[in-house]
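In: sequence first, predicted model second:
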Amino acid sequence: NAGVMQNPRHLVRRRGQEARLRCSPMKGHSHVYWYRQLPEEGLKFMVYLQKENIIDESGMPKERFSAEFPKEGPSILRIQQVVRGDSAAYFCASSPSTGENIQYFGAGTRLSVL
Amino acid sequence: DQQVKQNSPSLSVQEGRISILNCDYTNSMFDYFLWYKKYPAEGPTFLISISSIKDKNEDGRFTVFLNKSAKHLSLHIVPSQPGDSAVYFCAASVKTSYDKVIFGPGTSLSVIP
């Protein structure tokens, strides 16, 4: 009965490096969502994926950010050439394939860019 | 354009009293509303929800009220307990090609013992 697992919990990168954030959804869930929370702000939707498909990436910055959810393995949010403004908490959520509105969140990855 | 608004960034309530957290929305197509609770260094956890066909849903100490004509919902916690101190996010769902959920900015509740 493991919940949504995100790793790492904390990630420190220098400007220009790449950040890879991983998310394993709850067992039986095939829908994954990524959100970003900047300091003192709410949750901003980034991308919604099903297995091997990006369904909605309207919240993703056009450059440097990409996401995938392969047939096997966790979902990955990848940020290339990180900048200080990418410092934030990134949350992953999952929901069952039945299309339930309720999303179940992981504990988040806190990215700090030096 | 913020479709889900929580105009009070913070709220302080005495233990045992009622906490009322408010939320306003602009999109009349929203058909499902949710409240999430978030403790520091943890992810949000689902608390309670309400369909647009209802005006009230109750679960223990938590009640959500929906006023569709005013595009307003509220979360009532009674009696409030110190463990309720957290950030509360209001969220709304709209059917596009899927049930897209949009979150408000959150209200930080402090319950004072």
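Out: Yep, that arrived. Numbering: from 1, shown residues only, chains lettered A, B, ... in the order given.
In: quick check: end-to-end length of stretch A:3-20?
Out: 20 Å (C-alpha to C-alpha, to the nearest Å).
In: just the buried residues of it, please?
Out: A:3-4, A:6, A:11, A:13, A:19 (16 or more other C-beta atoms under 10 Å in any protein chain shown). C-beta coordinates here come from the backbone N, C-alpha and C atoms, glycine included.
In: now do stretch A:31-45
Out: Buried residues in stretch A:31-45, counted by 16+ other C-beta under 10 Å: A:31-37, A:42-45.
In: sorry, back to before: check the buried residues of stretch A:3-20 against chain B, which are close?
Out: Restricting these to those touching chain B (C-beta under 8 Å from any C-beta of the partner chain) yields A:4, A:6.
In: which pair in the buried residues of stretch A:3-20 spans the largest distance?
Out: Using C-beta to C-beta, the buried residues of stretch A:3-20 reach their maximum pairwise distance at A:Gly3 and A:Arg13, which is 25.9 Å.
In: any idea how many residues pack against A:Arg22?
Out: Per other C-beta atoms under 10 Å in any protein chain shown, the neighbour tally for A:Arg22 reads 17.
In: residues of chain A that sit close to chain B?
Out: Proximity of chain A to chain B (C-beta under 8 Å from any C-beta) is limited to residues A:4, A:6, A:33, A:35, A:41-45, A:48, A:55-56, A:91, A:93, A:99-108.
In: note down every partner strand of the longest strand along chain B and its orientation.
Out: Scanning chain B for the strand with the most residues, using DSSP state E, yields strand B:86-95. According to DSSP bridges, strand B:86-95 forms sheet pairs with strand B:32-38 (antiparallel), strand B:99-103 (antiparallel), strand B:107-112 (antiparallel).
In: list the buried residues for that strand?
Out: For strand B:86-95, a neighbour-count test (16+ other C-beta under 10 Å) marks B:86-94 as buried.
In: for chain A, what spans make up the helices?
Out: Here chain A has no helices by DSSP state H.
In: residues in contact with the residue most central in space within it?
Out: Centroid check for chain A by C-alpha atoms, centre = their mean gives A:Trp34 as the closest residue, at 3.7 Å. A:Trp34 sits next to A:23, A:46-47, A:49, A:67, A:75, A:77, A:90-93 when contact means C-beta atoms under 8 Å, 6 or more residues apart in numbering or on different chains.
In: I'd like to know how many residues surround the nearest residue to it once chain neighbours are set aside.
Out: Closest residue in space to A:Trp34, ignoring its immediate chain neighbours: A:Met46 at 4.4 Å, by C-beta to C-beta, 6 or more residues apart in numbering or on different chains. Using other C-beta under 10 Å, the number of residues around A:Met46 comes to 21.
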